[in-house]
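> compute the structure for the input listed below.
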Amino acid sequence: MDPHLLRTYVTVARLASFSDAARELGYTQSAVSQQIAALEQDLGAPLLTRRPVAPTAAGERLLEHAGPLLLRLEAARADVARLAAEPAPGLTLATAPTALGPGVLAALPPTGVTLRVTAREEVLAAVATGTADLGLADGLAAPSDPLRLPDVAPLTTRGVAEEPVHVLLPGAHPLARRRGLRLGDLADARWLDAPGAGLPLDRLRAVNGGRGFRPALRYEGTDVRLLTALAAAGHGLTLLPRSVAAGVPGAVGVPVVEPRVVHRTELVHAGGLRGAAATLAQALAGGRNRPVPQAAASRR
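Sure thing, here's the model as predicted:
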């Protein structure tokens, strides 16, 4: 399958327009139509209806494969280029918002760092494609267990921090004075769905047998302060690392005592580390954690 044809197909499907895709890609509309026809002939199935422009059943299935395939190709290109390149003097660090705990902030060098706070699922892609030198991924895990990260490229991860998780409640909430909470008892509460800024609700469902945790409000940004303000104003509960939940005006963080889970942060990189990236990785790991190949971590 020609990756150029696949990229064209993904663009047409995303924009639902041959002409808009042609403008974005810098092709003529006729060239785009010819590329889609060539891909359909190669696969032996129609991929798009024309009026309106929309994926067929076969096209929808191809879209499920297209993202990982194209990302893997970009990762391969970046990996090869990285071997031949000299280390840049600066450092770009892609990070999920809640991965910036006190230990991470203390380890950042005083100069030369570009900090790119992004949605959690974009951190691995940024490292794999070479747009970031290092990444910080985070999520829920059992104590000392690695995160279950998608296998997007030959990346290496190492744990750099773990801390307890708290449910953030409005100060007047009936449970705000509790010394600890069980997540299962809150499965039917009103929750904030904030996959970019908080800990995703699908992970809470996973630890609760796939049940509950329906969102009352969805927030699609990455601003943790806004997320905590929404929780303090009573729009829903959210689960956060202890350091993030502490000191929020008008809200109280109550520890989760069951199940035994922690907020875990892992450093992500591709290939060997050099220059500023190696220095920061050493500072974050404290020289104690051995690298864990991502594919192995995903299986555990």
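> end to end, how far does stretch 187-204 reach?
9 Å (CA to CA, to the nearest Å).
> report the distance from the host helix or strand of Gly159 to the chain centre.
Using DSSP states H and E, Gly159 maps to strand 155-163. Centre-to-centre, strand 155-163 and its host chain are 14 Å apart (CA atoms, centre = their mean, to the nearest Å).
> all numbers from here: first residue = 56
New numbering, starting at 56: the last item is strand 210-218.
> name the residues of that strand that are buried.
Leu210, Thr211, Thr212, Arg213, Gly214, Val215, Ala216, Glu217, Glu218 (16 or more other CB atoms under 10 Å). Heads up, the C-betas are built off the backbone N, CA and C, glycines and all.
> for this structure, give me the ranges with low pLDDT.
Counting by pLDDT under 70, the chain contains low-confidence ranges at 134, 137-144, 342-355.
> tell me the strands in it, going along the chain?
Ranges of strands within the chain are 103-105, 108-110, 146-150, 168-172, 189-196, 210-218, 220-225, 236-237, 246-248, 270-273, 293-296, 306-313, 317-325, 347-348, based on DSSP state E.
> just put those strands in TSV and tack on distance to Glu119.
Shown next, in TSV, are these (distance: least, CB to CB, whole Å):
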stretch	distance to Glu119
strand 103-105	15
strand 108-110	10
strand 146-150	25
strand 168-172	27
strand 189-196	22
strand 210-218	22
strand 220-225	32
strand 236-237	36
strand 246-248	23
strand 270-273	23
strand 293-296	29
strand 306-313	34
strand 317-325	24
strand 347-348	25
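> what's the distance between Gly235 and Val311?
7 Å (CB to CB, to the nearest Å).
> more neighbours: these two, which one.
Val311 (24 against 11; other CB atoms under 10 Å).
> which elements pack onto the top helix by length along the chain?
Counting by DSSP state H, the longest helix found in the chain is helix 112-139. Secondary-structure packing of helix 112-139 (3 or more CB pairs under 8 Å, 6 or more residues apart in numbering; DSSP states H and E): helix 58-70, helix 175-183, strand 317-325.
> for Ala93, find the nearest of those.
Closest approach to Ala93 among the helices and strands packed on helix 112-139 is made by helix 58-70 (5.9 Å; CB to CB).
> and that closest one, how far from the chain's centre?
So, by CA atoms, centre = their mean, the centroid of helix 58-70 is 23 Å from its chain's centroid.
> Ala325: what's it in contact with?
Contact partners of Ala325, counting by CB atoms under 8 Å, 6 or more residues apart in numbering, are Ala130, Ala133, Asp134, Arg137, Val182, Ala183, Gly185, Ala208, Pro209, Leu210, Thr211.
> now tabulate those residues in TSV and tack on distance to Ala227.
Conversion of the contacts of Ala325 to TSV gives the following (distance: CB to CB, whole Å):
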residue	distance to Ala227
Ala130	48
Ala133	50
Asp134	52
Arg137	52
Val182	42
Ala183	45
Gly185	48
Ala208	47
Pro209	50
Leu210	44
Thr211	46
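> which of those residues count as buried?
With neighbours counted by 16+ other CB under 10 Å, the contacts of Ala325 contain buried members at Ala130, Ala133, Asp134, Val182, Ala183, Gly185, Ala208, Leu210, Thr211.
> need these in CSV with distance to Leu230, can you?
Formatted as CSV, the buried ones among the contacts of Ala325 follow (distance: CB to CB, whole Å):
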residue, distance to Leu230
Ala130, 44
Ala133, 47
Asp134, 48
Val182, 39
Ala183, 41
Gly185, 46
Ala208, 42
Leu210, 39
Thr211, 40
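> follow-up on the earlier one: tell me the most buried of the helices and strands packed on helix 112-139?
For the helices and strands packed on helix 112-139, the largest average neighbour count (mean count of other CB atoms under 10 Å) is found in strand 317-325, namely a mean of 24.
> so what strands line up beside that one?
strand 189-196 (antiparallel), strand 210-218 (antiparallel) (DSSP bridges).
> could I get the helices and strands packed on helix 112-139 as TSV with distance to Val222?
Below are the helices and strands packed on helix 112-139 laid out as TSV (distance: least, CB to CB, whole Å):
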stretch	distance to Val222
helix 58-70	37
helix 175-183	19
strand 317-325	12
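> do you know which of the ones you listed lies nearest Pro201?
strand 317-325 (7.0 Å).
> next, the angle strand 220-225 makes with that closest one.
Between the axis of strand 317-325 and that of strand 220-225 there is an angle of 120 degrees, by axes from the mean of the first three to the mean of the last three CA atoms, to 10 degrees.
> one step back: so which of the strands of the chain is the most packed in?
Note that of the strands of the chain, strand 293-296 is the most buried (mean count of other CB under 10 Å), with a mean of 27.
> in CSV: the strands paired with strand 317-325, plus distance to Glu176.
Listed next are the strands paired with strand 317-325 as CSV, based on distance: least, CB to CB, whole Å:
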stretch, distance to Glu176
strand 189-196, 9
strand 210-218, 14
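> alright, I will stop here.
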